[in-house]
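[1] Predicted coordinates and the sequence they were generated for:
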Amino acid sequence: MPSQEVIKYILDLLETMEEGMDYVKAKLGELNIEGTVTILTDLIIAFTEVEKSISPMMAELPENQILEKADKLRTDFDMMVKEYESSKVQKAYEMMQSILEPEFRSWKKELENILKTYILS
């Protein structure tokens, strides 16, 4: 059975990531890309941390789409970084709103749906 301690860590990190996503989206909406660089970097680090934490327990989890959703989200983060590097603030905002945020929420929901059953049991 997956470690409840690790699961709680992942679920807490997902909540923090959601707050970070909301912050980045709000700042990009104000066309303030400089105010979001650190938070976007933190989001990518947190995403990697969740992937590392969940990897050892994947075989024990019921059938899910965590890996597929994580692959898509990783690609989206890469595209977002490219927008940052080219300083296209409006494009970054549109991408955040239409691609990155929905993909993040889908990945987060999949993780929560699978992992919360281990906390409740």
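    Structure received.
[2] Spatially nearest residue to Tyr9 (excluding sequence neighbours)?
    Distances taken as Cβ to Cβ, 6 or more residues apart in numbering place Ser53 nearest to Tyr9, at 6.5 Å, with adjacent residues excluded. Where C-beta positions appear, they are placed from N, C-alpha and C, glycine not excepted.
[3] State whether the one you found and Ile10 are indeed in contact, as I suppose.
    Yes. Between Ser53 and Ile10 there is a contact under Cβ atoms under 8 Å: 5.4 Å.
[4] any idea of the mean pLDDT in the helix or strand harbouring Leu67?
    Under the criterion of DSSP states H and E, Leu67 resides in helix 66-85. The average pLDDT within helix 66-85 is 94.
[5] Does anything pack onto it? Which helices or strands?
    Counting by 3 or more Cβ pairs under 8 Å, 6 or more residues apart in numbering; DSSP states H and E, the packing neighbours recorded for helix 66-85 are helix 37-54, helix 89-95, helix 101-120.
[6] roughly how far out does the second one sit from the chain middle?
    The gap between the average C-alpha position of helix 89-95 and the chain average comes to 18 Å, counting by Cα atoms, centre = their mean, to the nearest Å.
[7] likewise stretch 81-97?
    Using Cα atoms, centre = their mean, the offset of stretch 81-97 from its chain centre is 17 Å.
[8] of all the helices and strands packed on helix 66-85, which lies closest to Arg74?
    Each of the helices and strands packed on helix 66-85 has some distance to Arg74 by Cβ to Cβ; the shortest is helix 37-54, at 7.3 Å.
[9] Identify all contacting residues around that closest one.
    For helix 37-54, contacts defined as Cβ atoms under 8 Å, 6 or more residues apart in numbering pick out 6, 9-10, 13-14, 16-17, 20-21, 23-24, 27, 66, 70, 73-74, 77, 80-81, 84, 111.
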